[in-house]
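*Asks:* This is the structure alone, sequence omitted:
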């Protein structure tokens, strides 16, 4: 008797309890569009391959990109899979068994060493760009640390103790020891000192708005400065490029992939 909306409410509340509010909001947005298509809430037992196929064709009829279709369908599938896992519904054939995503080419967002060095040494007269470059540099210096983890970390005593954190994105997915620990390199000290609130140890960007809006602002500033410097990466650079570039540069230097995976908080496949 479980309905799709009921399961969505349960799942998104769990996400919010884990602090994953942005992801919860994304799922709710795509669930609302799916329920518009079905003309209201439906029982889980009513979802079948034919319904999914009709929904896919409805999305494609709007001229949506393959990546946008993928996001919308995957978020709906997430709710169905959660319901199956919780034994709220059982299917003879999974409703998404015959859906095939149109895989797009992977985005290359890492930046070569020369462009990275140019960004690291650039001094802008604009405060927003200086802040974006500082956060970009700090992420690189901290092993590709995500902005969400950087803003939530207590940096007090950063010169005396190693950085130790559990990556927010995978804290509920990884098994075993989830903590990433390594020493903070001296190059990061001036940036941390510049932005750290001495009372809380948290980085203060003196910027209002949600985490997503702050991240989007940093991305825009990075694209702006890349255009000003006429860098080849100007169309693809983002804050996430620091993380991807850290891994790519380390790999080119011959560092073991397991070490790089550990630094960025990924699941290490071997010891």
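*Replies:* On my side now, so go ahead. Computed from a predicted structure; not experimentally measured.
*Asks:* Torsion angles phi and psi at residue 166?
*Replies:* Main-chain dihedrals, residue 166, degrees, to the nearest 10: phi -110, psi 120.
*Asks:* And it, how close does it get to residue 154?
*Replies:* 13 Å (Cβ to Cβ, to the nearest Å). (C-beta placed from N, C-alpha, C; glycine too.)
*Asks:* swap in residue 115?
*Replies:* 32 Å.
*Asks:* neighbour count winner among the two?
*Replies:* Shown here are residue 115 and residue 154; by other Cβ atoms under 10 Å, residue 115 has more neighbours (19 against 13).
*Asks:* in a helix, that's where that one is, yeah?
*Replies:* Yes - judged by DSSP: H, G, I helix; E, B strand; the rest coil, residue 115 forms part of a helix.
*Asks:* tell me the contacts of it?
*Replies:* 226, 231, 232, 233 (Cβ atoms under 8 Å, 6 or more residues apart in numbering).
*Asks:* Mind checking which of the residues you listed are buried?
*Replies:* 226, 231, 233 (16 or more other Cβ atoms under 10 Å).
*Asks:* Around the closest residue in space to the last one that isn't next to it in sequence, count how many other residues there are.
*Replies:* Nearest in space to residue 233, with sequence neighbours left out and distances taken as Cβ to Cβ, 6 or more residues apart in numbering, is residue 111 at 4.8 Å. Using other Cβ under 10 Å, the number of residues around residue 111 comes to 26.
*Asks:* Enumerate every residue touching residue 111.
*Replies:* Here residue 111 is in contact with 119, 231, 233, 237, 241, 244, 245 (Cβ under 8 Å, 6+ apart).
*Asks:* how about CSV for these, with distance to residue 10 and pLDDT added?
*Replies:* Shown next, in CSV, are these (distance: Cβ to Cβ, whole Å; pLDDT from 0 to 100):
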residue, distance to residue 10, pLDDT
119, 44, 94
231, 46, 92
233, 42, 89
237, 39, 92
241, 36, 94
244, 34, 93
245, 39, 94
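*Asks:* Among those, the buried ones, what's the PyMOL command?
*Replies:* In PyMOL, this line selects whichever of the contacts of residue 111 come out buried by 16+ other Cβ under 10 Å:
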select buried, resi 119+231+233+237+241+244+245
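*Asks:* which two from the contacts of residue 111 end up farthest apart in space?
*Replies:* Largest separation among those by Cβ to Cβ: 231 and 244, giving 15.4 Å.
*Asks:* need the longest helix for the protein.
*Replies:* Longest helix in the chain, counting residues (DSSP state H): helix 66-85.
*Asks:* Look up the closest residue to the most centrally placed residue in the chain, ignoring the ones flanking it.
*Replies:* Taking Cα atoms, centre = their mean, the centroid of the chain lies closest to residue 169, which sits 7.0 Å from it. Closest residue to residue 169 apart from its sequence neighbours, by Cβ to Cβ, 6+ apart: residue 146 at 6.7 Å.
*Asks:* my guess is the one you found meets residue 166, correct?
*Replies:* No - assessed by Cβ atoms under 8 Å, residue 146 is found out of contact with residue 166, at 11.7 Å.
*Asks:* which residues of the stretch 151-271 of the chain fall in helices?
*Replies:* In the stretch 151-271 of the chain, helices defined by DSSP state H, counting those that start in this stretch lie at 189-195, 211-228, 240-252, 257-263, listed in chain order.
*Asks:* Which one of those helices lies nearest to residue 66?
*Replies:* Closest among the helices of the stretch 151-271 of the chain, using Cβ to Cβ: helix 240-252, at 20.4 Å.
*Asks:* Which positions in that closest one come out as buried?
*Replies:* In helix 240-252, counting by 16+ other Cβ under 10 Å, buried: 240, 241, 242, 243, 244, 245, 246, 247, 248, 249, 250.
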